[in-house]
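**Student:** sequence-free structure coming up:
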């Protein structure tokens, strides 16, 4: 099993192809060593808060970034975001919404709930790769997060 203590990036994505492409782009550009994918909102919350199947996970170092889809089974991405940003233990974690939704209500709610960034997944493969490269470069190399 993967070393869950070393995870730097959490990808919350229920589409396995989008998750795999995101991982490939980040790794190809040397932007990530340890990545964990949660395929639904509840599993993401369990991972973040060390509950359920992750209760033995220690959170010695915070995640560098969470890439969060909005349309998820069990718990929606907006609910996951709201939980992260209203909890004093996790409110400083950078959360990048990475979704196919261009809907104004989704964008408004995401920022209202504290999203750090909102990126619409391009349909074109090359555009998707470029968007992820740019997003990954900023959040993993340029941005300075609080300790």
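**Tutor:** Cool, got the structure. Note that this is a predicted model, so its numbers are computed, not measured.
**Student:** What pLDDT does the model give residue 131?
**Tutor:** If you check residue 131, the pLDDT there is 79.
**Student:** measure it to residue 82 for me?
**Tutor:** Separation of residue 131 from residue 82 (C-beta to C-beta, to the nearest Å): 25 Å. Heads up, the C-betas are built off the backbone N, CA and C, glycines and all.
**Student:** got it, and residue 17?
**Tutor:** Counting by C-beta to C-beta - residue 17 and residue 82 are separated by 27 Å.
**Student:** more neighbours, these two?
**Tutor:** With neighbours defined as other C-beta atoms under 10 Å, residue 17 and residue 82 compare such that residue 82 has more, 17 against 8.
**Student:** And the residue nearest to residue 15 when sequence neighbours are not counted, how far from residue 136?
**Tutor:** Of all residues not flanking residue 15 in the chain, residue 69 sits nearest, at 7.5 Å (C-beta to C-beta, 6 or more residues apart in numbering). Using C-beta to C-beta, residue 69 is found at 16 Å from residue 136.
**Student:** For those two, work out which one has more neighbours and name it.
**Tutor:** Comparing residue 69 with residue 136 by neighbour count (other C-beta under 10 Å), the higher total belongs to residue 69, at 27 against 22.
**Student:** about what we covered before: enumerate every residue touching the residue nearest to residue 15.
**Tutor:** Residue 69 sits next to 12, 13, 14, 15, 18, 77, 97, 98, 99 when contact means C-beta atoms under 8 Å, 6 or more residues apart in numbering.
**Student:** In these, which residue is surrounded by the most others?
**Tutor:** Counting by other C-beta under 10 Å, top hit in the contacts of residue 69: residue 12 with 29 neighbours.
**Student:** hey, what's that residue bridged with?
**Tutor:** residue 38, residue 68 (DSSP bridges).
**Student:** How confident was the prediction at it?
**Tutor:** So, for residue 12, pLDDT stands at 97.
**Student:** ok so residue 96 is a strand residue?
**Tutor:** Yes: assessed by DSSP: H, G, I helix; E, B strand; the rest coil, residue 96 belongs to a strand.
**Student:** Would you agree it is in contact with residue 115?
**Tutor:** Yes: using C-beta atoms under 8 Å, residue 96 makes contact with residue 115 at a distance of 7.4 Å.
**Student:** Do you have the helices of this protein handy? List them.
**Tutor:** Along the chain, the segments classed as helices by DSSP state H run 16-28, 41-48, 77-86, 104-112, 125-137.
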